[in-house]
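Asks: turn this into a model:
(4 chains)
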2 protein chains.
Amino acid sequence: MSSTTRERILDAALALIQQRGFGGTTVTDIEELAGLSPGSGSFYRHFRSKEDVFGEVFERELGRAQQHRQAFERGPVTADPREALTRRLLQQLDYLAQIRPLITLLAREHGRFPELTRKIRGALLDEGIAEEAEHLTRDLPDLPGHEDPHALLAVVVSALTGYHLSREFFGRPPADIDPDRFTAALAALLTTPR
Amino acid sequence: MSSTTRERILDAALALIQQRGFGGTTVTDIEELAGLSPGSGSFYRHFRSKEDVFGEVFERELGRAQQHRQAFERGPVTADPREALTRRLLQQLDYLAQIRPLITLLAREHGRFPELTRKIRGALLDEGIAEEAEHLTRDLPDLPGHEDPHALLAVVVSALTGYHLSREFFGRPPADIDPDRFTAALAALLTTPR
DNA sequence: GTCTATAATCCGATAGAC
DNA sequence: GTCTATCGGATTATAGAC
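Replies: Just a heads-up that it's a prediction; the model follows:
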């Protein structure tokens, strides 16, 4: 193990909270998974309390999510707008997969830690959607005449997150459609001339 | 209180598990919220264990969800297919709101109770989607020539669930689009002739 | 920084009076 | 069927040796 004990504790806490929730995870469990003697209290040389480590786990995942977001790169420009859009949608699904821990924390603990909800909402819903609107209008400069482009964006975002969460919660996507088929169908819906 | 103690315990357990998770809920908390003396153990005159009451809470919500599903009624037939579809999509969002407790239980505890995942998946994803496919093809008999109707169905289902879960987790929908605008945009996307 | 040991509290569950 | 009382074990957190 080249990682520090502190990092191993954070890793262990994340894994256990994702699986059992904050209330179902004990400090002893965390110590054991981090390679410390269970029940020894060595945990407390690194964190003040169980709530403290949850806060730091959450901040670390939020930081990672923002790094992933910045790592977004635009693919090579393609003549076919539908192909460009499909690629962009697949990238979005990849991004959701990358920030899976953060989404899981939100799904599990948003009732208990309201500030968590607020921060993730700011990072994902607000910034994320604004940025995505920019990308989509760039990928679809001649976006077919929809009366309500903002609502259309909400549809796209909802479809992607719903698809991701179905896989997350159920272990498989709706109607067992794989990501390629899913994004192709969504892109076709958005780009078919009318 | 006209309800039985058993029912009040089930109500209390549901509320607390939704908020704090199974691991974060104590029998004493349940007793207190159910109007029993906290820590008295009166809980155990009605349920054998904490896990037992979770199982019964879950079964009750599953039964309620199936009742809600059966209560689905088709609106009056309308000449305008887009209007019929919009109404249908709004009904779907209502349905998701009605089964909110079940979805919350799934989001919180699917890692800890795998059988829960299996049962909800059967009831919602499998039966629900098959039934929904039927409705959609009825509402859209001349569904514009999509190469992949199954994938299109997945897009619609994902959009609805994603919209619902965004409201559930964040407290508001993506881009602050209200249900009427959302369903109108989705219906327009699906019915615009091309 | 990790360990053993332990204090103080909390929790799931039971016994028995009423 | 609810209460008081409590058992045994788990849990959070600390003290102190190494």
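
Asks: and for the spatially closest residue to residue A:117 that is not a sequence neighbour, the neighbour number?
Replies: In this structure, residue A:117 finds its nearest non-sequential neighbour in residue A:110, 4.6 Å apart by C-beta to C-beta, 6 or more residues apart in numbering or on different chains. Quick note: C-beta positions are derived from backbone N, CA and C, even for glycine. For residue A:110, the neighbour count with other C-beta atoms under 10 Å in any protein chain shown is 22.

Asks: now chain A against DNA strand D: closest residue?
Replies: When distances are taken as C-beta to the nearest atom of the strand, chain A reaches nearest to DNA strand D at residue A:41, 2.3 Å away.

Asks: residues contacting that residue?
Replies: Going by C-beta atoms under 8 Å, 6 or more residues apart in numbering or on different chains, residue A:41 touches A:27, A:31.

Asks: repeat that with 7 Å
Replies: Applying C-beta atoms under 7 Å, 6 or more residues apart in numbering or on different chains to residue A:41 gives no contacts.

Asks: what parts of chain A come near DNA strand C?
Replies: Residues of chain A found near DNA strand C (C-beta under 7 Å from any atom of the strand) are A:5, A:31, A:36, A:37, A:39, A:40, A:41, A:42, A:45, A:46.

Asks: any weak-confidence spans in chain A?
Replies: With pLDDT under 70 as the threshold, chain A has low-confidence stretches at A:1, A:73-76, A:140-145, A:194.

Asks: for chain A, which residues are neighbours of DNA strand D?
Replies: Proximity of chain A to DNA strand D (C-beta under 7 Å from any atom of the strand) is limited to residues A:25, A:26, A:27, A:28, A:39, A:40, A:41, A:44, A:48, A:49, A:50, A:51.

Asks: now a PyMOL select for only the buried ones of those residues.
Replies: Remark: buried members of those, expressed as a PyMOL selection using 16 or more other C-beta atoms under 10 Å in any protein chain shown:
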select buried, chain A and resi 25+27+50
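
Asks: keep only those of the residues of chain A next to DNA strand D that are in helices.
Replies: Taking DSSP state H as the definition of helices, the residues of chain A next to DNA strand D contribute A:27, A:28, A:50, A:51.

Asks: closest to DNA strand C out of those?
Replies: DNA strand C lies nearest to residue A:28 out of those, by C-beta to the nearest atom of the strand, at 9.3 Å.

Asks: isn't that closest one right up against residue A:40?
Replies: No - applying C-beta atoms under 7 Å, one finds residue A:28 not in contact with residue A:40, separated by 8.7 Å.

Asks: what about the residue lying closest to residue A:37 once chain neighbours are set aside, how many residues close to it?
Replies: Spatial nearest neighbour of residue A:37, excluding adjacent residues (C-beta to C-beta, 6+ apart): residue A:31 at 6.8 Å. Other residues lying near residue A:31 total 20 when counted by other C-beta under 10 Å.

Asks: appreciated, that's everything.
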